[in-house]
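Peer 1: Coordinates for the following, if possible.
(2 chains)
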Amino acid sequence: MGKIESSCIIDDDPIAIYGIKRSMKEIDFCNTIVVYKNGQDAIDGLNNMVAEGIALPSIILLDLNMPIMDGWEFLDDFIKIPNNNTKKVTIYIISSSIDPRDVIKVQDYSLVSNYILKPIKSADLLKLLSDGSNY
Amino acid sequence: MNTLTRTITIEEAPIAIATLDTNLCFINCSTPWQQEFISPDKEIYGKSFFDVVPSSPPVFRKILENSFSIDDNIIEEQKHIMPDGSIKWYQWCIKTWKDVDGTIGGLIITCTNITKIKRAKDLLIAAENVAKMGGWDLDMITNTIHWSRITKEIHEVPLDYKPCLKTGINFYKEGEHREKITELIQKAITNGEEWDTELQIVTAKGKELWVRAKGMPEFVNGKCVRLYGIFQDIDKEKKAEIKNTQIKERLDLATEVANIGIWEYNLHKDELEWNDEMFPLFGVKRKDFKGNFGSWKATVHPDDLERCLKEFDMAVSGIKDFKTEFRIVHPDGTIKHIKANAGIFKDDEGKIIKMVGTNWDITEVVNTQLKLNKSEESFKGSFKSSAVGMALVAKDGSWLDVNDTLCLSLGYSRKELLQLSFQDITHPQDLEKDLSQLQMLLDGKVNSYQLEKRYFHKKGTIVYVVLTVTAVKDIEGNISHFISQVVDITAKIEAQKKSEEFLELTKSQNNSLLNFAHIVSHNLRSHSSNLSMLSNYLIEEQGESEKREIEAMIVNASESLNETVAHLNEVVQISTEAEGQLQAVCLNEIVKNVEKNISALLQQKKVECQISIDQSIKVKGIHAYLDSVLLNLFTNSVKYSSPNRIPKISIQATKSGNFIILNFRDNGLGINLERHGKKLFGMYKTFHQHEDSKGIGLFITKNQIEAMNGKIEVESAVDKGTLFKITLVAA
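Peer 2: Residues are numbered from 1 along each chain as shown, chains lettered A, B, ... in the order given. All right, here's what the predicted structure looks like:
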């Protein structure tokens, strides 16, 4: 699988977002990038897309530590979005935490495909594309 | 053959006889008559009969007067009362005599004194009545039976009843009784055998009666012509006898079943009699039994013999009853315990002639008693010296007995403790569960129970114990008292409490460490990863404007790193600096002071503050930390106040034991604790869309409070308000 249509970044750290965007551009990852600054913004935005009939981004990169609504809470709410398309969405956790408890906790969420340690490099994104071809 | 020519004169007759003329005056009389009625020297001729024979009843006078018209002999028995008052019976035989010409010349009278016979007959009749003994008589020739009055009464037939042989036999009860009498009569008639037997008859009125029937045959020329005998009502005696026999049989059976040996000893003859049970009891063979005092003596255990002989002598001399226990040795060597009771029999002179007594085997009882004594002794021994507290407790809970260990555990003397009940010294919170278990025991639902409970030491401190209560039942199976075992686990519990405290401390320290580790692993690392990423971009980037942008970001990232390091440093300092710096601080002053410092902010936001803290309340704390904590709480309340209502803050403090509880309440936005509760006090956690939210305030607050050995808890409802409850150590 090659380039995807749209992807979504949920992170409160502008430097991290800058880095991801830069890497995506480098490898021509996708056509459009949607950015949310915390979980609550993301849930609201995605709900809006569903309401307006816009296709959901096929890949979501999700940070864990965020104000208002963190990554875990976003996952809890995301599965409640009333749309069959959510199943076509692949979610990756992006975190700077090397705390093993976080890595273990991720395994409890079947929604999550993998855990990618920050900083995100272009190589990491390429791997996502090749993994995605299995879908 | 010569005929008697001489006529014998009346005077010469050997019986009392007299001739009277028609006027009933004596013509002459025989000597016996003269002797019976009149002195021999007196003349009797011409005297009236009634002058000579005294007290003739008028009836007799009439008979005499009438006798002239009767040809036959008249025989008459009459009772005469003598002048001295005594009674005499005479049998008179009267006949008229005639002259040669055939005219009646007078009366010839003989007289027989029948007083003695009459008396004997009366006696017989009286005896018959008293003994209920009747007579009967069977004439075999005419086949008629005569029954005396008593016999008829026994048969309950009327006096004019006329029995015959068949009806007589039919009165006997059908079956063995009737068969027996028939057989006896048969034997009497054919073999001449007499009989004397006891049989049952059924009277005319249907009553069953025991009678003694005695019969004798009379033979003439080898043929039985008559049977006669007596017939006696022995029902009462017989029934008593039957009852007696039954009682004896029962007694025999009882002694046999109960294995009671009965003996009788005749002191004068040195004769000892044993009943059947005695032989197996003493293990003696009947053929080896000599039947004297020695026979018994030989069986008694040598150690008990002297005492037994002494007791026997005391019984014989009447000092003390023979009631004792002794051991005997069987020929095979087994030892049995025997219980003995005896009574003495005296002769008319009060001398003891014999002793009768009972023996029975109490070996089992004695052995059981010995075992019981032994176990009781061992119980007493272990009770006294047990390292476990032990007590005997009455059903109402009072102590019946306590051992030294229990006294030591509870701090009371034995005397003091015995005046208390277990309820008195039980911790009130533990009383209910103990009593409910005890009730189960009393109801018989369980035989024992165990529970952990608390007593109060005499000094008032708490004694932790493991209590085991067992019910003790009496012989009827009712609970008589309880045995309580009290294992003092106070030292253990206190050690456990201490280790729990340590564990709690370690846990909280561990949590802090983990938290810290997380902060380091995440917060620091996010900055460092950003920095490394940006540095790489800076090297790769060709465009100048892009480079400058990256450089600006690097500055930002380093500042953030600096800030985080500063925060972490602050936290570390909170924990380390607090050591040894705690001092008594007046809580009211602190709160008032902070309120004053931010009064501008409070006024600007129109916050209503209500502070009620008693001036006397002092906490162990650090002035700066308390300032910081309160400042943070105040600013949080202002920052997250609801735009829809006037912000209100109320602060109260109460003392609870060794702690001061400070309640800080507002009516602000509130926090969804279900969602954020866990991370409320975490670092860099924010929950509100607020520009100033940094997620560091409550984290620092928590650390500061914990550094003062306190704790902070929160209660909140979204859009209602928040209550922070801070517990501090009272000074």
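Peer 1: for residue B:218, what are its contacts?
Peer 2: The contact partners of residue B:218, by CB atoms under 8 Å, 6 or more residues apart in numbering or on different chains, come to B:224, B:225, B:226, B:227, B:228. In short, each C-beta sits where N, CA and C put it, glycine included.
Peer 1: any idea which element residue B:713 lies in?
Peer 2: In this structure, residue B:713 sits in strand B:711-717 according to DSSP states H and E.
Peer 1: got the contact list for the helix or strand that that strand is followed by?
Peer 2: Helices and strands here follow DSSP H and E; after strand B:711-717, the next one along the chain is strand B:721-729. If you take CB under 8 Å, 6+ apart as the criterion, strand B:721-729 is touched by B:582, B:587, B:619-621, B:629, B:633, B:637, B:640, B:658-668, B:670-671, B:705, B:708-716.
Peer 1: sorry, back to before: quick check: of the contacts of residue B:218, which has the highest neighbour count?
Peer 2: Using other CB atoms under 10 Å in any protein chain shown as the neighbour criterion, residue B:227 leads those with 21 neighbours.
Peer 1: quick revisit: given the strand holding residue B:713, what are its sheet partners and their directions?
Peer 2: With DSSP bridges as the test, strand B:711-717 is paired with strand B:721-729 (antiparallel).
Peer 1: Convert the C-alpha atoms of the strand it pairs with to CSV, please.
Peer 2: Extracted in CSV, the C-alpha atoms of strand B:721-729 (Å, rounded to 0.1, in the frame of the first residue of the first chain):
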residue,chain,number,x,y,z
GLY,B,721,-18.4,22.5,43.7
THR,B,722,-15.4,20.9,45.2
LEU,B,723,-14.4,20.0,48.7
PHE,B,724,-10.7,19.5,49.6
LYS,B,725,-10.3,17.7,52.9
ILE,B,726,-6.9,18.1,54.3
THR,B,727,-5.8,16.1,57.3
LEU,B,728,-2.9,17.5,59.3
VAL,B,729,-1.2,16.4,62.6
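Peer 1: any idea of the mean pLDDT in that strand?
Peer 2: When pLDDT is averaged over strand B:721-729, the result is 93.
Peer 1: Just the buried positions in that strand, please.
Peer 2: By 16 or more other CB atoms under 10 Å in any protein chain shown, the buried positions in strand B:721-729 come out as B:721, B:722, B:723, B:724, B:726, B:727, B:728.
Peer 1: likewise stretch B:173-180?
Peer 2: So for stretch B:173-180, counting by 16+ other CB under 10 Å, buried means B:173, B:177, B:178, B:180.
Peer 1: what's the closest of those to residue B:505?
Peer 2: In terms of CB to CB, no member of the buried residues of stretch B:173-180 lies closer to residue B:505 than residue B:173, at 107.0 Å.
Peer 1: Around the residue lying closest to that closest one once chain neighbours are set aside, how many other residues sit close by?
Peer 2: Once flanking residues are discounted, residue B:173 sits nearest to residue B:200: 4.3 Å by CB to CB, 6 or more residues apart in numbering or on different chains. For residue B:200, the neighbour count with other CB under 10 Å is 19.
Peer 1: how would you label residue B:200: helix, strand or coil?
Peer 2: strand (DSSP: H, G, I helix; E, B strand; the rest coil).
Peer 1: Against residue B:12, how distant is residue B:59?
Peer 2: Noted for residue B:59: a distance of 32 Å to residue B:12, by CB to CB, to the nearest Å.
Peer 1: scratch that, residue B:435
Peer 2: Taking CB to CB, one finds residue B:435 at 124 Å from residue B:12.
Peer 1: And the two? Which one has more around it.
Peer 2: More neighbours surround residue B:435 than the other of residue B:435 and residue B:12, with 15 against 10 (other CB under 10 Å).
Peer 1: element containing that one, please.
Peer 2: Using DSSP H and E, residue B:435 sits within helix B:428-442.
Peer 1: What is the subsequent helix or strand relative to that helix?
Peer 2: By DSSP H and E, the next helix or strand past helix B:428-442 is strand B:448-456.
Peer 1: May I have the strands that pair with the helix or strand just after that following strand, each with its orientation?
Peer 2: Scanning forward in sequence from strand B:448-456 by DSSP H and E, the next helix or strand is strand B:462-473. According to DSSP bridges, strand B:462-473 forms sheet pairs with strand B:448-456 (antiparallel), strand B:479-488 (antiparallel).
Peer 1: Report the distance from strand B:462-473 to the chain centre.
Peer 2: Mean-position distance between strand B:462-473 and its chain equals 27 Å (CA atoms, centre = their mean, to the nearest Å).
Peer 1: mind listing the strands for the stretch 501-650 of chain B?
Peer 2: Here the stretch 501-650 of chain B has its strands, by DSSP state E, counting those that start in this stretch, at B:583-586, B:608-612, B:618-621, B:648-656.
Peer 1: name the helices or strands packed onto the last one?
Peer 2: With contacts defined as 3 or more CB pairs under 8 Å, 6 or more residues apart in numbering or on different chains; DSSP states H and E, strand B:648-656 has these neighbours: helix B:587-597, strand B:608-612, strand B:659-666.
Peer 1: now the second one, how far from the chain's geometric center?
Peer 2: Chain-centre distance of strand B:608-612: 74 Å, with CA atoms, centre = their mean.
Peer 1: So for that strand, what gets flagged as buried?
Peer 2: For strand B:608-612, by 16+ other CB under 10 Å, it's residue B:609.
Peer 1: who's in contact with it?
Peer 2: Here strand B:608-612 has contacts from B:588, B:591-592, B:595, B:602, B:646-653, using CB under 8 Å, 6+ apart.
Peer 1: CA-only coordinates of that strand in CSV, if you can.
Peer 2: C-alpha atoms of strand B:608-612 as CSV (Å, rounded to 0.1, in the frame of the first residue of the first chain):
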residue,chain,number,x,y,z
GLU,B,608,-17.5,35.4,49.2
CYS,B,609,-15.2,33.9,51.8
GLN,B,610,-16.3,32.4,55.1
ILE,B,611,-13.5,31.2,57.4
SER,B,612,-14.3,29.6,60.7
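Peer 1: what does the stretch 451-600 of chain B put close to chain A?
Peer 2: B:517-518, B:521-523, B:525-526, B:529-530, B:532-534, B:537, B:553, B:556-557 (CB under 8 Å from any CB of the partner chain).
Peer 1: Of all pairs in those, which one spans the longest distance?
Peer 2: B:517 and B:537 (29.5 Å).
Peer 1: Which strands and helices lie in contact with whatever helix or strand residue A:31 lives in?
Peer 2: Using DSSP H and E, the element containing residue A:31 is strand A:30-36. Applying 3+ CB pairs under 8 Å, 6+ apart, we find strand A:30-36 packed against strand A:4-10, helix A:14-27, helix A:39-52.
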